[in-house]
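Got a sequence here, can you build the structure:
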Amino acid sequence: MGSRLFVALSLMPLAALAQSSRQPPGGQLEILKQVAFEQKLNAQLPLDLDFRDQTGSTVPLRRYFGDKPVVLVPVYYDCPMLCNLTMNGLVKTMRALSLDVGKDFHVVMFSIDPKETPQLAAERREVYLKRYDRRGAETGWHFLTGDQPSIQSLTDAIGFRYAYDPTIRQYAHAAGFLVATPQGRVSRYLFGIEYSIKDLRLGLIESSEGRIGDPVGQLLLLCFHYDPTSGKYTMGVLTAVRAAGVLTLSLIGGFLIVSFRRERHRI
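Take a look at the predicted model:
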C-alpha cells in the first residue's frame, strides 16, 4: 500500500437526511454515484483547450503555464455554499503563505457550468482579489468560463467527476483543488474546505521543480445539500466535518483508554 491511504467519503446529503429521518430520492443517489475526485498524479493537462477569461477573451489554458506552478480550482461561481467555502479556505491559506500569487505562482479557477458568463467570473474575481489583498495578484489570478467540451476534457484530465440535477438545478461535486507544474502536469491534490499551509507550500515548491507529490488521504465533501422538500439548505458540510471530528476523537480516546489500562496492569 505504501503511502496510499484509504478514502473517507462524507456524503453531505445523507448526513442532512439522517437528521430529518428521510430517505434520499433514488435519483439523487444515482447522481451521487457519479461524483468523485480521483487523484491523477503526473497526468498531463490538455493545455490547448480554449476558455474565456474574466474579460470575455478566448484564451488557451496554456497561457497560464510555462514559468510558474499553477493552483487549478474547479468550481462554479453560482454554487450556493461549498465552492464559496473552497475559495474562502484557499484565500485564507494563501494569505498565510510567504509566496505570492502572480510573483511565485498562478491561480486558475474554472467554472464547471457552461452557462456561466465572463461577467459573473469578473465579479467573483473582484471579490476574492480584495480578500487576498496583495499587490500584483491581479496578474496571476484568473477566473475562467468555458464550453462543455473544454470543461469536460479538463475535468476528465484531473479526475474531477461531477453531475447536474435538473430538478433542483445544482451540481453535485467534490471540494478541493490541485497544484500543477509549470509544464502542466498534476503534482498534488488538496481536498476539503480548509488547507494546510505546509501542504500548499510544499506542493508549490515541488511543482516549481517539476516534482510529483504522493497520493493523499481524502475526506471528500460533496456539494449537494439543498433539500427540495423543505426548500432550505442544510448544514451538510458542517455535519460531515463534525462527524469526522467525532470519529477522530473517539479513536484517540479509545487508544488512550487501552494504553491507560495496560499501564495499570503493569503496575
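
In its sheet, which strands sit next to the one helix or strand residue 110 maps to, and in what direction?
Using DSSP states H and E, the element containing residue 110 is strand 106-111. Paired with strand 106-111 in the same sheet, following DSSP bridges, are strand 70-75 (parallel), strand 141-144 (parallel).

wait, residue 147 sits on residue 116?
No. Contact between residue 147 and residue 116 fails when scored by CB atoms under 8 Å: they sit 11.2 Å apart. Yep, even glycine has a C-beta here, placed from its N, CA and C like the rest.

neighbour-wise, which of those two wins?
For the pair residue 147 and residue 116, the greater number of neighbours falls to residue 116 (21 against 12), based on other CB atoms under 10 Å.

dump the residue contacts of that one.
By CB atoms under 8 Å, 6 or more residues apart in numbering, the contact set of residue 116 is 76, 77, 78, 145.

And the last one, how close does it get to residue 198?
The spacing between residue 145 and residue 198, counted by CB to CB, to the nearest Å, is 32 Å.

and what of the third one?
Here the criterion is CB to CB. By it, residue 78 lies 32 Å from residue 198.

Which of the two has more residues huddled nearby?
Set residue 78 next to residue 198 and count neighbours by other CB under 10 Å: residue 78 wins out with 15 against 9.

all strands for the stretch 51-200 of the chain, in order.
Counting by DSSP state E, counting those that start in this stretch, the stretch 51-200 of the chain has strands at residues 58-60, 70-75, 106-111, 141-144, 160-161, 163-165, 170-174, 176-180, 186-191.

I'd like these as a markdown table, with mean pLDDT, distance to residue 125 and mean neighbour count appended.
A markdown table is the format used below for those (pLDDT from 0 to 100; distance: least, CB to CB, whole Å; neighbours: other CB atoms under 10 Å):
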| stretch | mean pLDDT | distance to residue 125 | mean neighbour count |
| --- | --- | --- | --- |
| strand 58-60 | 98 | 14 | 13 |
| strand 70-75 | 97 | 12 | 23 |
| strand 106-111 | 98 | 8 | 24 |
| strand 141-144 | 98 | 4 | 23 |
| strand 160-161 | 94 | 21 | 19 |
| strand 163-165 | 87 | 24 | 16 |
| strand 170-174 | 87 | 20 | 24 |
| strand 176-180 | 96 | 16 | 25 |
| strand 186-191 | 95 | 21 | 23 |
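
Between those, which one is closest to residue 124.
In terms of CB to CB, the element of the strands of the stretch 51-200 of the chain nearest to residue 124 is strand 141-144, at 5.8 Å.

what comes into contact with the closest one?
51-54, 59, 64, 77, 101-102, 106-111, 121-122, 124-125, 128-129, 132.

cool, stretch 74-89 as well?
73, 109-113, 116, 120-121, 123-124, 128, 131, 143, 154-155, 158, 160, 162, 170-171, 173, 175-177, 192-195, 221-223, 225-226, 233, 237.

can you check stretch 196-205 too?
Stretch 196-205 has contacts (CB under 8 Å, 6+ apart) with 69, 71, 93-94, 96-99, 104-105, 179, 187-188, 190, 213, 216.

could you redo the last one with a cut-off of 7 Å?
For stretch 196-205, the surrounding residues in contact (CB atoms under 7 Å, 6 or more residues apart in numbering) are 69, 93, 96, 97, 99, 105, 179, 187, 188, 190, 213.

any idea which of these is closest to residue 35?
After measuring those against residue 35 - CB to CB - the closest member comes out as residue 190, at 17.7 Å.
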